[in-house]
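# Take a look and give me a structure for this.
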Amino acid sequence: MKTDNRTGDRQHDTSARAFTSRRQVLAAAALAPALTAAGAPTATAATATATATAGSKPAERTNPHGERVSPVPTALEDWAGVARALGRAGNMLRGTIYHTGFPRRDLRVVSEGVNVTPGLALGTHVAFVRYADGSTMLMGDVAVTEDELQRATDAWLAHGIGQTALHKHLLAQTPDIWWTHVHAHGHDPVAMARGLRAGLDRTGTPPARPPRPSVPVDLDTAGMEAVLGTKGTVEDGIYKILFVRRETIADGHLILPPGLGSTSAFNFQPLGGGRAALSGDCAMLADETPAALKALRRGGIKLVELHNHHLAEEPRLFFTHFWAVDDGVALARAIRPALDATNVVPAPIG
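Residues are numbered from 1 along each chain as shown. Reported below is the predicted structural model:
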């Protein structure tokens, strides 16, 4: 006997519509921008949710005209309120980036038998950039212990500071250290700085101390620079060489200044006799990633992480952290092919 399935079909259709509506709402919530620095949803987030609930495509994260916005030059005095909120002074990078470092001098970390100094891979770095529409972007990479991670995360989320990555910089380290990328965008940079500080205060990050005078490093820097084709700098006892992507990178509608979250950085900690511990981060497009990773491994470089720094950048970037110990010039030769596989140029110094 043939069974009448019309009632079951109507129930199935009703359930399917309810599931679809719920799925659209959840998708809109996932795509909506982070909370503002004050902790309230942005107007764009509310619009995206309402649009998706109505069954149409969620609003994209752009300004009302769909135009990209450029960063504007600033000076140290423009960030005095941010410095007070963070409890320490920062410095200007390339005229548009206000940078503040929070080295974890309180930690004693060993990775593969190397005593890691704060300058090599135990630094927290945060940056603020002002835009032509009067808004400010905050980005940073924060070093936390495994015990600190959850409570710092809770404080940032409560203050509207989003997280865009959670990863490692080191292999087999003791104690366990994590790095988390933080991000915010709004019109009150001091409020963002206070929110950032709320999370940092839940870690053992020590107070600032006066900078130490720069001293020569026990490395053949001339030989390393000849291989890599650019000059490096010495900071906190670490020899550093930095490259930036050639492309214009945008996070949503905000154009990133060169070097903000899109650098290939190589840090060398002298170990004596011209040897160094190398810890670094290489910025790659998707189609560059296989060749760059293969080049690093061919050079004997150990891979640590493959991750992203942003949630909505264009073009999409991937980053690999790596580690090695060898003669400084040999390390430079080992990383040169990975640089050649990516579209980067030396970063301006200063």
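# which SSE is the residue most central in space within the chain in?
Most central in the chain under Cα atoms, centre = their mean is residue 309, positioned 4.1 Å from the mean C-alpha point. In this assignment (DSSP states H and E), residue 309 forms part of neither any helix nor any strand.
# where's the residue nearest to it when sequence neighbours are not counted relative to residue 289, distance?
In space, residue 309 comes closest to residue 261 once its chain neighbours are excluded; the distance is 4.5 Å by Cβ to Cβ, 6 or more residues apart in numbering. The C-beta positions use only the backbone N, C-alpha and C, and glycine is treated the same way. According to Cβ to Cβ, to the nearest Å, residue 261 stands 17 Å off from residue 289.
# Who has more neighbours out of these two?
Comparing residue 261 with residue 289 by other Cβ atoms under 10 Å, the one with more neighbours is residue 261, at 24 against 18.
# quick one: contacts for the more buried one?
Contact partners of residue 261, counting by Cβ atoms under 8 Å, 6 or more residues apart in numbering, are 139, 181, 249, 251, 309, 310, 313.
# Pipe the residues you listed into a markdown table and attach pLDDT, secondary structure and distance to residue 113 per row.
Written out in a markdown table, the entries for these read as follows (pLDDT from 0 to 100; DSSP: H, G, I helix; E, B strand; the rest coil; distance: Cβ to Cβ, whole Å):
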| residue | pLDDT | secondary structure | distance to residue 113 |
| --- | --- | --- | --- |
| 139 | 96 | strand | 33 |
| 181 | 95 | strand | 28 |
| 249 | 94 | coil | 37 |
| 251 | 93 | strand | 38 |
| 309 | 88 | coil | 29 |
| 310 | 87 | coil | 34 |
| 313 | 88 | strand | 36 |
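# what two of those are the furthest from one another?
With Cβ to Cβ as the measure, no two of those lie farther apart than 181 and 249, at 14.8 Å.
# Give the buried residues for stretch 79-97.
Neighbour-count burial for stretch 79-97, with 16 or more other Cβ atoms under 10 Å as criterion, is recorded at 79, 82, 83, 85, 86, 90, 92, 93, 94, 96, 97.
# Quick check: end-to-end length of it?
The distance separating the two terminal residues of stretch 79-97, taken as Cα to Cα, to the nearest Å, comes to 10 Å.
# swap in stretch 122-140?
Terminal residues of stretch 122-140 are spaced 13 Å apart (Cα to Cα).
# Please apply the same query to stretch 80-91.
Terminal residues of stretch 80-91 are spaced 11 Å apart (Cα to Cα).
# One more: stretch 103-123?
End-to-end distance for stretch 103-123: 4 Å, by Cα to Cα.
# For it, what is the distance to the chain centroid?
For stretch 103-123, the gap between its own C-alpha mean and the chain's C-alpha mean amounts to 19 Å (Cα atoms, centre = their mean, to the nearest Å).
# what comes into contact with it?
Applying Cβ under 8 Å, 6+ apart, the external contacts of stretch 103-123 come out as 101-102, 124, 143, 145, 169-175, 177, 204-206, 209, 235-238, 267, 269, 271, 277, 279, 323, 325.
# quick one: low-confidence ranges for the stretch 1-150 of the chain?
Per-residue confidence of the stretch 1-150 of the chain (counting by pLDDT under 70) places the weak regions at 1-66.
# at 50 instead, please
Using pLDDT under 50 as the threshold, the predicted model of the stretch 1-150 of the chain has low-confidence ranges 1-65.
# now the strands for it?
The residue ranges that make up the strands of the stretch 1-150 of the chain, judged by DSSP state E, counting those that start in this stretch, are 91-93, 97-103, 109-111, 114-116, 123-130, 136-145.
# and the longest one, what does it pack onto?
Pointing back at strand 136-145 there. Contact here means 3 or more Cβ pairs under 8 Å, 6 or more residues apart in numbering; DSSP states H and E; on that basis strand 136-145 packs against strand 123-130, strand 177-186, helix 189-200.
# Rebuild the ones you listed as CSV, extending it with mean neighbour count and distance to residue 305.
As requested, those are arranged in CSV below (neighbours: other Cβ atoms under 10 Å; distance: least, Cβ to Cβ, whole Å):
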stretch, mean neighbour count, distance to residue 305
strand 123-130, 21, 16
strand 177-186, 22, 9
helix 189-200, 23, 21
